[in-house]
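[1] need a structure here:
(one chain, ligands or ions: 1)
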Amino acid sequence: MVTQEKEPIINIQGVSKKYGSVVVLHDINLKIYPGEFVILVGPSGAGKSTLIRLLNREEKPDSGKIIVAGRDITKLSSGELPYYRRNIGTVFQDYKLLPTRNAWENVAYALEVADVSDEEIRQRVPKVLKAVNLGDHLDAYPNQLSGGEAQRVSIARALIHNPKILIADEPTGNLDPEAGQEIADILEKINCQGTVVLLATHNRDLVDKMRKRVITMKQGRIVLDQRQGRYNG
Ligand code: ADP
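    Alright, predicted model coming up:
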């Protein structure tokens, strides 16, 4: 149950973004509240990935504010970015795993670069891989994993810092329906444990089954925002 009296965890206010002279986001306004699971749909080119790149501060908007957990992230300094990004786990269609590292090492790497002690790494990594049903694949390299398993390693890596928000950009795009369903189930479980999930997807079947808040974008605008929505992208 989402209580709208709470402060939004994500508050996008009047955000516009151009590439050259092409406007790809037009005055986007969007509030996402603690506890929510939000699905972003819309045809290719609608601006979903651009919005996600603004949220994880890979890019900045040309105008507007993006307040995440009370801070305007358009104003973060480069020194503050690594800390900010630990609060935002991100998962992509193509997994982005390091091919020369096994599942355990791919997840551990995210902690190593954050200067977490070896002892803590040994405790946290197996726990998070078990949470995505990969307790039996700790030593497997990315090329030894199915697409669904590789995506679950990528989710484990995104979760390792206990982020407040998990953003998944087309995570089931390369997966068969069964593996896609397992990813959706894991995202729902993560959401039930308190993490806000923002899922951008073209997967009509999953969207229609999940009955979450569905935001539809077209040509850089939000054209529909429905509770318990269906796919209409
Ligand atoms: P979606 O994720 O909904 O498919 P995108 O955010 O990827 O949409 O793209 C929105 C629009 O912005 C498209 O017209 C795309 O061609 C354009 N675009 C995206 N990234 C860039 C970029 N780095 N440079 C120029 N145009 C871009």
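
[2] and the protein, which of its residues are near the ligand?
    Tyr19, Val24, Gly42, Ser44, Gly45, Ala46, Gly47, Lys48, Ser49, Thr50 (CB under 6 Å from any ligand atom). C-betas here are computed from N, CA, C, even on glycine.

[3] check which helix or strand covers the nearest residue to Arg221 once chain neighbours are set aside.
    In space, and not counting its chain neighbours, Arg221 is closest to His26: 5.1 Å by CB to CB, 6 or more residues apart in numbering. Per DSSP states H and E: His26 is located in strand 22-32.

[4] next one: Asn191
    Per DSSP H and E: helix 177-192 holds Asn191.

[5] Buried residues in that helix, which are they?
    Judged by neighbour count using 16 or more other CB atoms under 10 Å, the buried positions of helix 177-192 are Ala179, Gly180, Gln181, Glu182, Ile183, Ala184, Ile186, Leu187, Ile190, Asn191.

[6] Each with direction, which strands does the very next helix or strand once past that helix pair with?
    Note on helix 177-192: by DSSP H and E, the next helix or strand toward the C-terminus is strand 196-200. Within its sheet, and counting by DSSP bridges, strand 196-200 is paired with strand 37-41 (parallel), strand 165-169 (parallel).

[7] how about those in JSON lines, adding mean neighbour count and distance to Pro142?
    Below are the strands paired with strand 196-200 laid out as JSON lines (neighbours: other CB atoms under 10 Å; distance: least, CB to CB, whole Å):
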{"stretch": "strand 37-41", "mean neighbour count": "24", "distance to Pro142": "27"}
{"stretch": "strand 165-169", "mean neighbour count": "23", "distance to Pro142": "18"}
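
[8] can you pull up the bridge partners for Val23?
    Lys18.

[9] Does it touch Ser16 like I think?
    Yes. Counting by CB atoms under 8 Å, Ser16 is a contact partner of Val23 at 6.6 Å.

[10] need the contact list for the nearest residue to Thr216 once chain neighbours are set aside.
    Leaving aside its sequence neighbours, Thr216 sits nearest to Leu224 (CB to CB, 6+ apart; 4.0 Å). Counting by CB atoms under 8 Å, 6 or more residues apart in numbering, Leu224 touches Val214, Ile215, Thr216, Asn232.

[11] Just the buried subset of the residues you listed, please.
    Neighbour counting over the contacts of Leu224 (16+ other CB under 10 Å) leaves Val214, Ile215, Thr216 as the buried ones.
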